[in-house]
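# structure for this input, please:
(chains A, B and C)
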Amino acid sequence: MAGSPSRAAGRRLQLPLLCLFLQGATAVLFAVFVRYNHKTDAALWHRSNHSNADNEFYFRYPSFQDVHAMVFVGFGFLMVFLQRYGFSSVGFTFLLAAFALQWSTLVQGFLHSFHGGHIHVGVERPQLEKSKHRQGSVYHSDLFAMIGTIFLWIFWPSFNAALTALGAGQHRTALNTYYSLAASTLGTFALSALVGEDGRLDMVHIQNAALAGGVVVGTSSEMMLTPFGALTAGFLAGTVSTLGYKFFRPILESKFKVQDTCGVHNLHGMPGVLGALLGVLVAGLATHEAYGDGLESVFPLIAEGQRSATSQAMHQLFGLFVTLMFASVGGGLGGLLLKLPFLDSPPDSQCYEDQVHWQVPGEHEDKAQRPLRVEEADTQA
Amino acid sequence: MAGSPSRAAGRRLQLPLLCLFLQGATAVLFAVFVRYNHKTDAALWHRSNHSNADNEFYFRYPSFQDVHAMVFVGFGFLMVFLQRYGFSSVGFTFLLAAFALQWSTLVQGFLHSFHGGHIHVGVERPQLEKSKHRQGSVYHSDLFAMIGTIFLWIFWPSFNAALTALGAGQHRTALNTYYSLAASTLGTFALSALVGEDGRLDMVHIQNAALAGGVVVGTSSEMMLTPFGALTAGFLAGTVSTLGYKFFRPILESKFKVQDTCGVHNLHGMPGVLGALLGVLVAGLATHEAYGDGLESVFPLIAEGQRSATSQAMHQLFGLFVTLMFASVGGGLGGLLLKLPFLDSPPDSQCYEDQVHWQVPGEHEDKAQRPLRVEEADTQA
Amino acid sequence: MAGSPSRAAGRRLQLPLLCLFLQGATAVLFAVFVRYNHKTDAALWHRSNHSNADNEFYFRYPSFQDVHAMVFVGFGFLMVFLQRYGFSSVGFTFLLAAFALQWSTLVQGFLHSFHGGHIHVGVERPQLEKSKHRQGSVYHSDLFAMIGTIFLWIFWPSFNAALTALGAGQHRTALNTYYSLAASTLGTFALSALVGEDGRLDMVHIQNAALAGGVVVGTSSEMMLTPFGALTAGFLAGTVSTLGYKFFRPILESKFKVQDTCGVHNLHGMPGVLGALLGVLVAGLATHEAYGDGLESVFPLIAEGQRSATSQAMHQLFGLFVTLMFASVGGGLGGLLLKLPFLDSPPDSQCYEDQVHWQVPGEHEDKAQRPLRVEEADTQA
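Numbers count the residues shown, from 1 in each chain, chains lettered A, B, ... in the order given. Okay, the predicted model is just below:
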C-alpha cells in the first residue's frame, strides 16, 4: 500500500524527465553539429548558380512525405486494433517518430554528410520504430487498423526504394515491391479463408500478412527479380506469414512462453529471413547479361570484377547470419533491460491498457448529459 | 439440415481456390509476357544516355500513388458506413484492387506496350472496381465513410487527368475537375438541406453526391470547358445526384424492385449520362480559335480537318449509346450469372453482414475481462 | 410554441439559400473574370515552345494536394473528437473548404494574376477556415481526431512553405517546420504528463499542442533560424500551448466567460504571438554574412540597403500589433454579428449537437433488425 503514492509520483515524472532529457541532449547536439546544406542555407545558395530545376522544389520519388505518411499514419494506426490501447498505439508511435526524425539527422549525418566538423542537412527521412503488442480487438478498432495497413501498403514501395541507387534501380524497386504486395494480398486472403473457422477470414491476417510481400522483397527488389519472381515471392510470403499467425504463434506462447501479440515474427521475422534467402539466390544468378550497365549500381564489386556472383551470394548469406546474431543478442539484452526493477513495468493486469498512461474518456457519450432533442428544444423555446 | 456442413465446407474452399487459381494464372501470364521496360530494366538502362532528370525519379502528376490512395483508401472506406459490412467493404476492395493492379499490367500491356512478344512494364496504375451495397449506418461508420469521400474528392482530379494527353490538357483536366467538385459540394449541401426532414442534412448525400462533380466532367474536363462551365456542371451534378438519392431510389426499389443500396445510379449513372451530354455540347463548340495548337491533342481529327466539330459531337453522342448498351447487356448478363445456383449466394437475411466471410469481434470491449483500474492495481501491488 | 414550425421552415431554407446565393454569385464572378493561364489554356499553349519539363506535370513542392490533404483531412478530422458533433465537424469543414477553394482563385487572382481585365488560373491552393468548438469526447472520437492531427503534422511544412520564395527559402522553411514540430511533440508529451492527473497524458494536449511547433515558426521558418533554433522554438511552443490548455482555458471560462472549446487561443493564439516575437528577434539578427545572396529573397529591402536589420525587426513588431488589432476588432464584430436575432443561433442546449443540422443514425446497430447468425441461417436453409 505504501508504494502507491510514490509509484504515482514516479509515473508523473518518468515521461517528462525522459522527454526533457532526450530533447535537451538532442538540441545541444544540433547546436554543435548540425548546419543547413548548400541547397538550404541562404548564404551558401547563389541565385546565378542554379537552374530553374534547382530553384523549384520537385518531389523526388520517394518523397519524405511518403515515409512520414507510412510511419505516422501507417504504423500509428496499425496497432489501434487493441481494445484499450489505441491512444498508446497512435500516441507513442507519434512521439517515437518525432524523436526518431531528429536522431535520423544526427545518425545519417555522422555517416554521410559530416564534413568540416558539421552535419549538413537538407530535406532528410525519419527512422522507424515500433513495438506494440496485441491482445484483442473490437469492430471499430479493426477498421481503424486497416487505415494503418492501407497506408503501409501504399507507401511500402517508397520505403524499399528510399535506400536504392537512383535510376533504373529505383523504378525496379518500386515495381517489384508493388507486385509482391499485390500477390501477398491474394495469398493472405486465400490462406486465411482456408485455415479459418468455417472458412471465414481473420482480420488479423489481412491487416498483417498482406504486407509480408513488402518485407520479402526488401533485399532483392532492387535486383533483377523479374515481375514473375516478385509475384511468386509475394504470394509465398503471404501464405507463410498467415500460417505463422494461425499455427506458430500459439506454439510460441504455450511452449516457449513468448508473447508475440502483434506478430512481429510472422510479418517481419519469417518473411524477412525468406527475403534474405531470396536475395542470396537472386544475387547468385547476377550476370553481366542480365544487368548490363546497371550491374555497377546494384553490385559494384561484381561489375568491377572483384567478386563473383557466387561470392556475392555467400556475402549476402553471411549478412543474414550477422543480422540474426544482432537480433538475438540485442533482443536478449533488451529483455533483460526491461526486467530491471527501477523501470517499474506495469503489472500484467495493466498490459495493453491505455489508462496506465492516458486519461481515457468513456466508450460512449454520457446519456445523462445528452442535450434535448431539437424538437423538444424548439417546443421549449 | 444436411446441406449445412457441405455448405460450410464449400465456403471454406471457395475463396482460397479462387485466389489460388487467379493468382496462379496471373503469375503464369506474367512469366510468359511481362518484362521490365527500358527505364526499369538494368540491362536496358545506360548510365551515359540519361540526364539527371531521367536518373532521378520525380512524381509526374498524377502519380500512381494518387490513384492508389483513391482506390484503396477512397473506395475502401467509402462503403464502410454499413452497420455490419465494414470488414467486407474495406477488405474486399483491398483484395480486388490488389488483383486489378496486376491485371491492369496485362490489359494495358496488350493494348499499349506489347512489342517483341512481351509487355514492357515501368511504373503502371490499377483499374477500379466496386460493387458494394448499402443498408444502414451507425454514427462512427458514417465518419469512417467520410475518410473515403474525402480521399476520393482529393484524388478525383488525378483520376480524370490520368488518361489525358500531357501538357495543357492535363493542367486543364485537374483544374476543371477541382472546380466542378467544389461546386457539386455546395450544390449537394444546398439540396440536401432543402429536401431533408426538418431541413436537416443527410450524410448519405454528402458522402456521395458531393463527388458527382468529378463524374460529370469525366468526358469534358480535358476540353475548353472554362472554369465557369466547370462550376455550372458541378453544381448541376450535385443537385441532380442528391435528388436521385432522395426521390429516385425509393421509386427504383418499390416499383422496379431494383435495390441500388449505395446509389451507383445516383453518383455514377445520372451524372455520367449528364457528363456525356456535356461532352457532346462542348465538343460541338470546338473551334481552332478556342483550342489553337492544343486542338491537336484534344481532337486530333478536327485539327487535321478530317472531321467537323458537329460530326465530333455526333460521335460523342454515339459513344454514349454504345456505353449504355454495354452497361445494359453487361448488367443483365451479370445479374443472370449471379443467380446461377452453384455460386451459392447467401440468403437475403445474410446480406450486408460481415459474419458470412469474416470472424467478427464484438462491438465493444468485454467488460468481464476488463483489467483492473490503475488505482486498484496500485493498491494491490 | 408558435415559433416552432416557422423556425423549422427557416432552418430548411437557410443553408440552401446561402449555398445557392454564394455559389451563384461566385459562378457569375468566374464567368466575368476567370480565364485559364498560358499553361492551361489550349489556345495559349504552343507545343513547340515547351520543353518536356513543361509538358510533363511534375509535383512542385508543396503540391496543391498537400494543402488539400491538410485542410480536408487534417482540419476536417481534427474536431471529430466531439461526442455529438462529428458530422458537423467533418461536413462543414468540407463545405467551407470547397467554397474557399473557389474564392482563393478570386482573391489571389485579384492580388496576383489580374491582367487584361481577367484572372488567369493554372493550378491554385485553397484558403483555410475553421471555427468549431469542443466539449467532450469519446474513445473512438479521439482516435478519429488523431487522423486530423497527423495529417496536419505531416503537411504543416508544406503549408508554411507554400508562401515562401522558391529556392533555398523553401527548403529551409520545410526543414525548420519539421524540426519545430518534432520538438513541440516532445515538449507536449513532457508537459502533458507533468501536469496530468496521476501523471497521465491528456489526448487533447497531444491532438493540439503537438502542432504548436508549426505555428511558432510560421513567421521565421524562412529565415536563418538554424536547426537548433527551430528545435528550441518548437519545444517552447509545445510547453506553452500545453500549459494554456491546462491552466489558461479554465480561467478564460470562469473569469472571462469566454468558451474556447477547441483551444484556438492555445494552439494558434499564444504560439502565434510567440512566433511573431521570434520573427522580430531573428529578423533583427539578419546580416549579409548569414544570408549571402539569399538575403534578397527573404529581406529584399535589407539586401538593397533601404532598411537596416533593426528597422526590419521593428516593422515585424508593428505587423504583430496590426494583426492583434485586426483580430480584436474582427472578433468583436463577428461576435456581435452572431448575436443578431435573425441569424437564429441554436439555444445553448443544442450547441455541439449534430442533430441541429444532420439526420443522425444511432450509435449502435439495431439489435432487433440484426440478421440471423450464419449458423442459424444455414440450419434454416
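# quick one, what contacts residue A:231?
Listed by CB atoms under 8 Å, 6 or more residues apart in numbering or on different chains, the contact partners of residue A:231 are A:179-180, A:182-183, B:23, B:26-27, B:30, B:102. In short, each C-beta sits where N, CA and C put it, glycine included.
# now it: which helix or strand?
Assessed by DSSP states H and E, residue A:231 sits inside helix A:227-243.
# show me where pLDDT drops low in the stretch 1-150 of chain A?
A:1-12, A:36-72, A:74-76, A:78-91, A:94, A:98, A:101, A:105, A:108-124, A:126-138 (pLDDT under 70).
# point out the residues in the stretch 151-300 of chain A that sit beside chain C.
Within the stretch 151-300 of chain A, the positions lying close to chain C (CB under 8 Å from any CB of the partner chain) are residue A:198.
# so which residues of the stretch 151-300 of chain A form strands?
Assigned strands in the stretch 151-300 of chain A, in chain order: A:201-202 (criterion: DSSP state E, counting those that start in this stretch).
# in it, what residue is nearest chain C?
Of all residues in the stretch 151-300 of chain A, the one sitting closest to chain C is residue A:198 (7.4 Å; CB to the nearest CB).
# okay, now that residue: neighbour count?
17 (other CB atoms under 10 Å in any protein chain shown).
# how about the helices in the stretch 101-250 of chain A?
A:139-161, A:168-195, A:203-208, A:212-216, A:227-243, A:249-256 (DSSP state H, counting those that start in this stretch).
# looking at the ones you listed, which is buried most?
Counting by mean count of other CB atoms under 10 Å in any protein chain shown, helix A:212-216 has the highest mean neighbour count of the helices of the stretch 101-250 of chain A, with a mean of 31.
# could you name the helices and strands sitting against it?
Under the contact criterion of 3 or more CB pairs under 8 Å, 6 or more residues apart in numbering or on different chains; DSSP states H and E, helix A:212-216 touches helix A:139-161, helix A:168-195, helix A:227-243, helix A:270-284.
# could you redo the last one with a cut-off of 7 Å?
helix A:168-195, helix A:227-243, helix A:270-284 (3 or more CB pairs under 7 Å, 6 or more residues apart in numbering or on different chains; DSSP states H and E).
# which pLDDT value belongs to residue A:164?
Looking at residue A:164, its pLDDT stands at 76.
# residues near it, how many?
20.
# right, and it touches residue A:170 too?
Yes - using CB atoms under 7 Å, residue A:164 is in contact with residue A:170, at 5.2 Å.
# relative to residue C:293, which of the helices of the stretch 101-250 of chain A is closest?
Residue C:293 lies closest to helix A:168-195 among the helices of the stretch 101-250 of chain A, at 32.4 Å (CB to CB).
# what about the stretch 151-300 of chain A, any weak spots by pLDDT?
Applying pLDDT under 70 to the stretch 151-300 of chain A flags residues A:165-167, A:261-262.
# mind running it again at 90?
A:151-211, A:222-232, A:245-246, A:248-265, A:287-298, A:300 (pLDDT under 90).
# any idea how far residue A:254 lies from residue A:248?
Applying CB to CB, to the nearest Å, the value for residue A:254 to residue A:248 is 11 Å.
# would you mind measuring from residue A:271 to chain B?
For residue A:271, the distance to chain B equals 17 Å [CB to the nearest CB, to the nearest Å].
# count the residues that sit near that residue.
Counted with other CB under 10 Å, residue A:271 comes out at 31.
# cool, and residue A:330?
Other residues close to residue A:330 by other CB under 10 Å number 10.
# residue A:267 reaches residue A:206, doesn't it?
No - counting by CB under 7 Å, residue A:267 sits too far from residue A:206 to count as a contact (11.9 Å).
# pull the most distant pair out of the contacts of residue A:231.
Using CB to CB, the two most remote members of the contacts of residue A:231 are A:180 and B:26, lying 13.1 Å apart.
# rewinding a little: what's the closest of the helices of the stretch 101-250 of chain A to residue C:95?
Of the helices of the stretch 101-250 of chain A, the one closest to residue C:95 (CB to CB) turns out to be helix A:139-161, at 23.7 Å.
# quick one: check that closest one for contact with chain B.
Yes - judged by CB under 7 Å from any CB of the partner chain, helix A:139-161 comes into contact with chain B at A:139-140, A:142-143, A:146, A:150, A:153-154.
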